[in-house]
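Give me a model of this one.
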Amino acid sequence: MPTFPGPDDDCHLGFGQVFRNLGVTLYLSLMQDPLKKYDVIIAGSGIYGTSMASILAKSGLKVLIIERGKHPRFALGEALLPQSAIWPFIIGERFGIPEIGHLSHADRIVDNITPSCGLKHSIGFAHHTEGVPLEASKLHQLVPPHLPFYSESHLYREEVDQFLLDAAIQYGADYVEETPITNVHIGASGVMVSCPLNEYHGEYYVDASGRGSKLVEQQGYRIGAPEAMTHSRTLFAHVEGLQPFDHLIASPSQGRQWHEGTFHHVFDGGWMWVIPFDNFARSSSRKASIGLMLDPRKHPENSDLSPEEEFRAFISRFPDIERHLEGIEVTMPFKRTGRLQYASRQSVGDRHFTAPGTFGFVDPLYSNGLIHTFESVYFGARHLLSAFGKEEGPVAPGDFSTAAFARMELLHRTQWKHSDATISKAYASMAEFSSWNAWTQYWLAQILFGDLWLQRACFRYFEDGNVAHFDAFLDEIRPGEKAPFAQDKESLLEDLGALLEIRGNGVVDTGEAMLARLAQESWLPRHVYDWGASESRHVDFSRDEVVGALLGWGFEASPDHLRQGLFDFKLPATA
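Have a look, this model is predicted:
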């Protein structure tokens, strides 16, 4: 029977880390015959590549990770949401990889990975108007529930990614870094990856190398790709000396400060993330991650200024953003990008598939990237393990065809499409507070029920220890697509999007119309949070009475389709 993980759970220390601690870097693959044939070659050693490598290597497959850069290195994707915290727990339990499972809980991260990460016990938003002091009535705060098996964190990616790489090496994966890929040949009998010093041969290729993928370039997968509706660019850095936003305006929750989580400054045409790594007693960090996301159609790049100069000039237009960042010291220099959005027309081919971050990217708003990563790791691992005959699953042994991995294609397309639809509408709603207020209420509804869908599988697993509760996700195009609330959520998204499109026609007050549409939804528990009421801006699910009201409604008073298809689990005694 499964148990809730605790801070004393065992952690494997990778050989790579052992030798780094001695001041020596050892790459096991360099001691291998360069003509050694691998089962799976993985391009990229971020969270996706190393997590997949650990799962496959633990199952006895010969795995090689090829990294064009080197560790430690910076990576975006620093804030978890409930779903991106639950997924590592699920993956750790399903495949027996505690190192991935450690990412599911802040205490497990500190105990086993690094003390440089932060907590995420609050999700805060402040909507600003240029040149005007912030009004307390334009704040939102969501405090997520605290459950024994997961809690959200802020990941200091340099150390998290290094830990996961060491784990993959410990499980038996070979690794080379500072090794750019110059050619990927996909043939009927296998794959060959060419690098400046070696050629590597394998049965299957997983490309987690990101936007600059050599495979994607060679296959022409960016040609004919869908065009994103979202437009954004970014300016970002790591800093020290960040003061808590609570010094400016107090948090409305009972006991949860703004600084205990991710804070978002929102304005017409963009937003800013504030991710502190120093926000609880067990953290040894003094750092925070900050970044501006700007729609270049409204806020074009000023190339006459350095990235830091442009950042500081921009925030000076919003007095309380500038106050929040007063006194910061830059520890990682500001970087500036062009438009971030990209996509592919195809993710899967014979003997290969691309990870979500290679297939495409939209925007870091709502931290979808890590959710997509873990969903795809789960789906991809189940496909590969069954294709190599290591366990029964969705693919027949020996079948590495495009058709056999078609679910991966659907998953990645659906992830990207949903992200673009949601985030583009979020940007549209930022133009004024009334529409942003309504949109944030919608986002709370869809994220709350999405969390419940994953929690349901975990609670059913706790009841009988059967991992089939997790494998049931493979029957969906994407986890949540067959949930009993999926059609309700999709219809609401379409209607709110339509209202945003007719903004400014002089006939409809967009914000009021969006709130009125939310108020029509009978599947939302209004005694917990009054969807559709303009004054509903805060909810604290860490309070027992709030969670109790939600679950009591779900088990006893929710609509039949939710009671029978979502609240059909038993709560474990420790929940």
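
Residue 249 is in contact with residue 133, isn't it?
No. With contact defined as Cβ atoms under 8 Å, residue 249 does not reach residue 133; the gap is 10.4 Å. Placement of C-beta: from N, CA and C, glycine included.

out of the two, which sits in the more crowded spot?
A count of neighbours by other Cβ atoms under 10 Å puts residue 249 above the other of residue 249 and residue 133, at 16 against 10.

so who does residue 255 touch?
residue 542 (Cβ atoms under 8 Å, 6 or more residues apart in numbering).

is it true that it lies in a strand?
No. Looking at residue 255 with DSSP: H, G, I helix; E, B strand; the rest coil, it is coil, so not inside a strand.

That one and residue 402, how far apart?
52 Å (Cβ to Cβ, to the nearest Å).

In the stretch 1-150 of the chain, mark out all the helices, start to finish.
All helices of the stretch 1-150 of the chain, identified by DSSP state H, counting those that start in this stretch, fall at 15-21, 47-58, 82-95, 98-101, 106-112.

cool, the stretch 451-575 of the chain as well?
468-471, 486-501, 510-519, 544-556, 560-565.

any chance of the helices of the stretch 1-150 of the chain in CSV, with mean pLDDT, distance to residue 206 and mean neighbour count too?
CSV is the format used below for the helices of the stretch 1-150 of the chain (pLDDT from 0 to 100; distance: least, Cβ to Cβ, whole Å; neighbours: other Cβ atoms under 10 Å):
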stretch, mean pLDDT, distance to residue 206, mean neighbour count
helix 15-21, 37, 20, 15
helix 47-58, 98, 6, 28
helix 82-95, 97, 16, 24
helix 98-101, 98, 16, 23
helix 106-112, 95, 25, 22
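
nearest to residue 199, of those?
helix 47-58 (19.5 Å; Cβ to Cβ).

Can you give the distance of that closest one from its chain's centre?
How far helix 47-58 lies from its chain's middle: 17 Å, per Cα atoms, centre = their mean, to the nearest Å.

Stretch 478-488 too?
19 Å.

now it: mean pLDDT?
Computed over stretch 478-488, the mean pLDDT rounds to 97.

Check stretch 60-68 too.
Stretch 60-68 comes out at a mean pLDDT of 98.

returning to what we had before: including mean neighbour count, could the helices of the stretch 451-575 of the chain go into JSON lines?
Shown next, in JSON lines, are those (neighbours: other Cβ atoms under 10 Å):
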{"stretch": "helix 468-471", "mean neighbour count": "17"}
{"stretch": "helix 486-501", "mean neighbour count": "17"}
{"stretch": "helix 510-519", "mean neighbour count": "20"}
{"stretch": "helix 544-556", "mean neighbour count": "15"}
{"stretch": "helix 560-565", "mean neighbour count": "14"}
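
Now tabulate these in a markdown table and tack on distance to residue 407.
Listed next are these as a markdown table, based on distance: least, Cβ to Cβ, whole Å:
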| stretch | distance to residue 407 |
| --- | --- |
| helix 468-471 | 12 |
| helix 486-501 | 17 |
| helix 510-519 | 33 |
| helix 544-556 | 30 |
| helix 560-565 | 22 |
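
which residues sit in contact with the closest residue to residue 400 other than its chain neighbours?
Counting by Cβ to Cβ, 6 or more residues apart in numbering, residue 400 lies nearest to residue 351, which is 4.7 Å off, once chain neighbours are set aside. With contact taken as Cβ under 8 Å, 6+ apart, residue 351 is in contact with 186-187, 190-191, 203-205, 400.

between the residues you listed, which is closest to residue 48?
residue 205 (13.8 Å).

tell me the pLDDT at the spatially most central residue of the chain?
With distances taken as Cα atoms, centre = their mean, residue 370 lies nearest the centre of the chain, 2.2 Å away. Per-residue confidence (pLDDT) for residue 370: 96.
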